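Engineer: can you look at this prediction? I've put the sequence above it.
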Amino acid sequence: MTHLWVRAESRPNEDRVGITPDGVRRLIAQGFTVTVEDSPRRVIAADAYAKAGATIAPEGSWPDAPADAIIFGLKELPEDGTPLRHRHIMFGHAYKGQPAGQVLLRRFAEGGGMLLDLEYLTDEDGRRLAAFGYWAGYAGAAVSLSAWVAQQAGGICPPVQAWPGRDALLADLRARMDATGRPRPRAIVIGARGRVGSGACDLLTAMGVTVTRWDLAETAHGGPFPEVLMHDIFVNAILAQPGAPVFVPQSALTAPRALSVIGDVACDPSSAFSPIKVYDRATSWDEPVLRVADSPVLDVMAIDNLPSMLPLESSDDYAAQLLPVLEGLDAFTAPWARAEALFVQHSGSRP
């Protein structure tokens, strides 16, 4: 039977987890062996997993896991260049030409391991079976509004941190927006019908912001999209992929515009397919926005682990979506076979 090894996340400000204790209990009941690494940061304590029947291992011990264990995490591995000999379930960010992704694929090639990328666990129609998108959009819109609030005082968005829950986020943000004494900004969300866009729209609406909602129909002509520049805030919920239109070209930096905040929730600036061409690197919790223009001001928010700002809600939601897929690991059902085939295609490795 399958041995699932849930590793501790090594990235700062990453408190999420892809499986809950209830999920561990279900897998064990089906015959899985489950090991969970200890972690002082994970939003769900190791004790809860131990009570569910998991074996608890030291933080960061996954390189010494049995060769047949499948290592399960969310975000990046430590970038130490070591060969990777296990099968890894994670968000690899390796199939769109990202430089760090190419390094990751080489590490798998050198170690004989395999990436089973969470982004590409799909059904037969190519739809993702589990995603953090809703909470990414929700938190991304919140940070974008925080950037707008800072601009009203002539400043730039200060460092951000996780909120204890959705209600705390809403109360904090509403109070800060009210304190500006300004009318609510106008926002446009592209990809509004998807998970990310829905989360962004829900947050903006809760804050009293009028939202223009665009999706495929509104962007089918391929651009240009001058309407984006007429809004104060633009939240991008469209993934970088071949054929994606450019919503904000480089020329927007000097064009007449109301736009002062871009929230690029999809956040793939190193991809040639990025629909936003005014910035070139992700932002961070310590520096949430990149100021790309001063007159008038334009800030880009591009944090790539936004759901961890609401770690409990996002973990519970994602784990519930993913659990039925994890249950198919032992039989290596079609979603896993598709993920394996994609790895082989991009890495040149043999299955």
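Structural biologist: Arrived safely, thanks for sending. These figures come from a predicted structure and were not determined experimentally.

Engineer: count the residues that sit near T283.
Structural biologist: If you count neighbours by other CB atoms under 10 Å, T283 ends up with 23. In short, each C-beta sits where N, CA and C put it, glycine included.

Engineer: cool, and R42?
Structural biologist: Using other CB under 10 Å: R42 sits among 22 other residues.

Engineer: phi, psi of it?
Structural biologist: The phi/psi pair for R42 (degrees, to the nearest 10) reads phi -50, psi 140.

Engineer: for it, which non-adjacent residue is spatially closest?
Structural biologist: Of all residues not flanking R42 in the chain, V17 sits nearest, at 5.4 Å (CB to CB, 6 or more residues apart in numbering).

Engineer: hang on, the one you found packs against S315?
Structural biologist: Yes - at 5.2 Å, V17 counts as touching S315 under the criterion of CB atoms under 8 Å.

Engineer: mutual contacts of these two, please.
Structural biologist: The contact sets of V17 and S315 overlap at V43, I44 (CB atoms under 8 Å, 6 or more residues apart in numbering).

Engineer: returning to that earlier point: the residue nearest to R42: how many residues sit nearby?
Structural biologist: V17 is flanked by 29 other residues according to other CB under 10 Å.

Engineer: distance check, it against A57.
Structural biologist: Applying CB to CB, to the nearest Å, the value for V17 to A57 is 14 Å.

Engineer: right, and Q151 touches L298 too?
Structural biologist: No - counting by CB under 8 Å, L298 is not a contact partner of Q151; they are 9.7 Å apart.

Engineer: tell me, what's touching the two both at once?
Structural biologist: Shared contacts of Q151 and L298 (CB under 8 Å, 6+ apart): S260, V261.

Engineer: phi, psi of the residue nearest to R42?
Structural biologist: With angles defined as degrees, to the nearest 10, V17 sits at phi -150, psi 150.

Engineer: which residues does it contact?
Structural biologist: If you count contacts by CB under 8 Å, 6+ apart, V17 has them with V6, E9, R42, V43, I44, L74, S315, A319.

Engineer: check the gap between it and G73 for me.
Structural biologist: Separation of V17 from G73 (CB to CB) stands at 9 Å.

Engineer: quick one: the residue most central in space within the chain and V297, what's the gap?
Structural biologist: Residue closest to the mean C-alpha point of the chain, counted by CA atoms, centre = their mean, is N305 at 4.8 Å. Taking CB to CB as the measure, N305 falls 25 Å from V297.

Engineer: again, but for T35
Structural biologist: 49 Å.

Engineer: hmm, back to that, show me the contacts for the residue nearest to the centre of the chain.
Structural biologist: Taking CB under 8 Å, 6+ apart as the criterion, N305 is in contact with R11, N13, E14, R16, K75.

Engineer: I'd assumed R11 was in contact with the last one.
Structural biologist: Yes - because the distance of 4.7 Å satisfies CB under 8 Å, K75 is recorded as touching R11.

Engineer: which non-adjacent residue is nearest P40?
Structural biologist: Distances taken as CB to CB, 6+ apart place E59 nearest to P40, at 7.7 Å, with adjacent residues excluded.

Engineer: right, I mislabeled it, should have said A319
Structural biologist: Using CB to CB, 6+ apart, the closest residue to A319 is T20 (4.7 Å).

Engineer: with D68 instead?
Structural biologist: Using CB to CB, 6+ apart and skipping the chain neighbours, the partner closest in space to D68 is H3 (6.1 Å).

Engineer: verify the contact between that neighbour and G31 for me.
Structural biologist: No - the criterion here is CB under 8 Å, and H3 misses it with G31 at 10.7 Å.

Engineer: between the two, which is the more surrounded one?
Structural biologist: Legend: neighbour count by other CB under 10 Å for H3 and G31, higher for H3 (17 against 9).

Engineer: other residues contacting the helix-or-strand element of the chain with minimal mean pLDDT?
Structural biologist: Counting by mean pLDDT, DSSP states H and E, the chain has its least confident helix or strand at helix 99-111, which shows a mean of 91. Residues from elsewhere that reach helix 99-111, judged by CB under 8 Å, 6+ apart: 76-77, 79, 81-86, 88, 92-95, 113-115, 270, 343, 346-349.

Engineer: sketch out the strands for the stretch 51-200 of the chain, chain order is fine.
Structural biologist: Counting by DSSP state E, counting those that start in this stretch, one finds strands in the stretch 51-200 of the chain at the ranges 55-57, 70-72, 87-90, 114-117, 186-190.

Engineer: then the stretch 201-350 of the chain?
Structural biologist: 210-214, 233-236, 261-264, 289-294, 297-301.
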